[in-house]
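Enquirer: What would the 3D arrangement of this be:
(one chain, ligands or ions: 1)
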Amino acid sequence: MDKSKSKELFRKAQNFIPGGVNSPVRAFKAVGGDPIFVKSAKGAYMYDEDENRYIDLINSWGPMILGHGNEAIEAAVADALKNSLSFGAPTAKEIEIAELITHMVPSIEKVRMVNSGTEATMSAVRLARGFTGRDKVLKFEGCYHGHGDSFLIAAGSGAATMGTPNSPGVTTGTAKDTLTAPFNDLEAVKKIVEQNKGEIAALIVEPVAGNMGCVIPKEGYLQGLRDICDQEEIVLIFDEVMTGFRLSKAGAQGIYGIKPDITTLGKIIGGGMPVGAYGGRKEIMDFVSPQGPVYQAGTLSGNPIAMSAGLTMLHYLNDHDEVYDQIAASGKYLAKEIAKVNTALGKNYTINQLGSMISVFFTDQPVDNFDGTKACDTEMFGKYFQGMLNEGVYLPPAQYESWFLSTSLSAEDLDHIVKSHEKVLKNLLT
Ligand code: PLP
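Expert: Numbers count the residues shown, from 1 in each chain. Predicted structure coming up:
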């Protein structure tokens, strides 16, 4: 496979952009080799600058659940373009999307639009602090909530991959207000809450984690968190930036039947445009300015182009239950067929899959928290990633990530992924 144009672009990019990329994981540091520079994408496929085609299993890290170049979304954007790119004033579309979100995610009674998942989580934590009058936040090892200072404490995803869990630039003052617990361990949470009684404003969690690979909550875990928060008057924040509108219309909370106090959203909500949101109980959301005292604002928040893309995406998902059946079936098929290949090759690698989120972990131990992910053979993953790339399958470039499926994947695409897996793994094992 010729990747010379990508190679040359990466060399040039490093002169002008830190590390040559605008988000660290894109630099392929965790898997070796040079990143692919993407020129275009359509449906299930991405095309690089050298005209190579890849089946896309990242889908822009989640947003492109309907695949690339969805005609309805692109038409909505083209239509909105005619009316100017931005107003910085309220629009009817903002009400429509807010109303639709409250309809699709019943725990959300009011919602504020922002421009990214990071903004959503930062704002949600500030709101929880303002609402409770407390300072501390409890988060979970391996969960990633964007790059806000409070979260870069033993964070997963890019930060863990890069080996800088405590990023320079985050003050010790900030770090002291962030408590961390292992995921899927209620006893640890109880202990920390007891030790910090009356001081914790919020507990923030990815209800199904995607940033230490796909890690599924144990039975009763999310309900246990809900109960602890109720008892201690702690604001429960579900960070559904990844899982929102992906695992179901109502996200992970819709599957597990747990109502958080605040939900953070991003990715799919913008249909591919830069959008985030946070919403929840009316009583809490009314603390946000200008209604309440907790300040939060944004020049481009509720941007009309982004709202048009997001609105079309959400309407489509709301009207098409079969989307979730289809991508869950694709997820199940991949997990089953990949497991078959592994067994035939004498390996019992752990595969976590829920709906359209999957991770194949190079370990035979169960992966239900960050320690589980860390036990994986990341060197092997790097070689596997490169092998799959050469077979035309674009995986997330780190073991610590989930694959995201789209409705555009055909049966032939799924079989190509399985066949590539077999070929690459066989090569690696012999
Ligand atoms: N929260 C979760 C669960 C995420 O997965 C991410 C990004 O991957 C974020 C927050 C941050 O979102 P953004 O990258 O849009 O700032």
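
Enquirer: all helices of the stretch 51-200 of the chain, in order?
Expert: Using DSSP state H, counting those that start in this stretch, the helices found in the stretch 51-200 of the chain span residues 71-81, 92-104, 117-132, 157-161, 172-176, 186-195.

Enquirer: Pick the most deeply packed of those.
Expert: Of all the helices of the stretch 51-200 of the chain, helix 117-132 carries the top mean neighbour count, a mean of 25, counting by mean count of other C-beta atoms under 10 Å. For glycine as for every other residue, the C-beta is placed from the backbone atoms N, C-alpha and C.

Enquirer: Kindly export it (C-alpha atoms) in PDB.
Expert: Output in PDB follows, covering the C-alpha atoms of helix 117-132 (Å, rounded to 0.1, in the frame of the first residue of the first chain):
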ATOM      1  CA  GLY A 117     -17.700  17.300  24.800                       C
ATOM      2  CA  THR A 118     -14.900  18.900  26.900                       C
ATOM      3  CA  GLU A 119     -17.000  22.100  27.300                       C
ATOM      4  CA  ALA A 120     -20.000  20.000  28.300                       C
ATOM      5  CA  THR A 121     -18.200  18.100  31.100                       C
ATOM      6  CA  MET A 122     -16.300  21.200  32.300                       C
ATOM      7  CA  SER A 123     -19.600  23.100  32.500                       C
ATOM      8  CA  ALA A 124     -21.500  20.200  34.100                       C
ATOM      9  CA  VAL A 125     -18.900  20.000  36.900                       C
ATOM     10  CA  ARG A 126     -19.000  23.700  37.500                       C
ATOM     11  CA  LEU A 127     -22.800  23.600  37.700                       C
ATOM     12  CA  ALA A 128     -22.700  20.700  40.200                       C
ATOM     13  CA  ARG A 129     -20.300  22.600  42.300                       C
ATOM     14  CA  GLY A 130     -22.400  25.800  42.100                       C
ATOM     15  CA  PHE A 131     -25.600  23.800  42.900                       C
ATOM     16  CA  THR A 132     -24.200  21.900  45.900                       C
END
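
Enquirer: What is the neighbour count of the residue lying closest to Pro396 once chain neighbours are set aside?
Expert: Leaving aside its chain neighbours, Pro396 sits nearest to Ile58 (5.4 Å; criterion: C-beta to C-beta, 6 or more residues apart in numbering). The local packing of Ile58 (other C-beta atoms under 10 Å) involves 20 other residues.

Enquirer: Name all residues that make contact with Ile58.
Expert: Tyr394, Leu395, Pro396, Trp403, Phe404 (C-beta atoms under 8 Å, 6 or more residues apart in numbering).

Enquirer: near the ligand, which of those show up?
Expert: Near the ligand, taking C-beta under 6 Å from any ligand atom as the test, no member of the contacts of Ile58 is found.

Enquirer: Neighbour-wise, give me the winner out of these.
Expert: Neighbour counts for the contacts of Ile58 (other C-beta under 10 Å) peak at Phe404, which has 27 neighbours.

Enquirer: I'd say that one and Leu66 touch.
Expert: No. Using C-beta atoms under 8 Å, Phe404 is not in contact with Leu66; the gap is 11.8 Å.

Enquirer: Burial check on Ser406, number of neighbours?
Expert: 27.

Enquirer: Now do the closest residue to it other than its chain neighbours against the ligand, distance only.
Expert: By the measure of C-beta to C-beta, 6+ apart, the closest residue to Ser406 outside its immediate chain neighbours is Gly67, 4.3 Å from it. Distance, Gly67 to the ligand, using C-beta to the nearest ligand atom, to the nearest Å: 19 Å.

Enquirer: burial of Lys340, as a residue count?
Expert: Neighbour count of Lys340, defined by other C-beta under 10 Å: 12.

Enquirer: Can you list phi and psi of it for me?
Expert: Backbone torsions for Lys340, taken as degrees, to the nearest 10, come to phi -60, psi -50.

Enquirer: Touching the one helix or strand Gln253 maps to from outside, list them.
Expert: If you go by DSSP states H and E, Gln253 is part of helix 251-256. The contact list for helix 251-256, computed with C-beta under 8 Å, 6+ apart, reads 105, 107, 207-208, 217, 222-223, 238, 240, 243-245, 247-248, 259-260, 263, 265, 354.

Enquirer: now swap in stretch 407-414 and tell me
Expert: 43-44, 55, 65-68, 323, 326-327, 330, 333-334, 337.

Enquirer: residue contacts, the closest residue to the ligand within the stretch 251-400 of the chain?
Expert: Nearest residue of the stretch 251-400 of the chain to the ligand: Gly266, at 4.5 Å (C-beta to the nearest ligand atom). By C-beta under 8 Å, 6+ apart, the residues touching Gly266 are Ser116, Gly117, Ala120, Val241, Met242, Gly244, Val275, Gly276, Ala277.

Enquirer: Quick one: buried ones out of these?
Expert: By neighbour count, with 16 or more other C-beta atoms under 10 Å, the contacts of Gly266 hold Ser116, Gly117, Ala120, Val241, Met242, Gly244, Val275, Gly276, Ala277 as buried.
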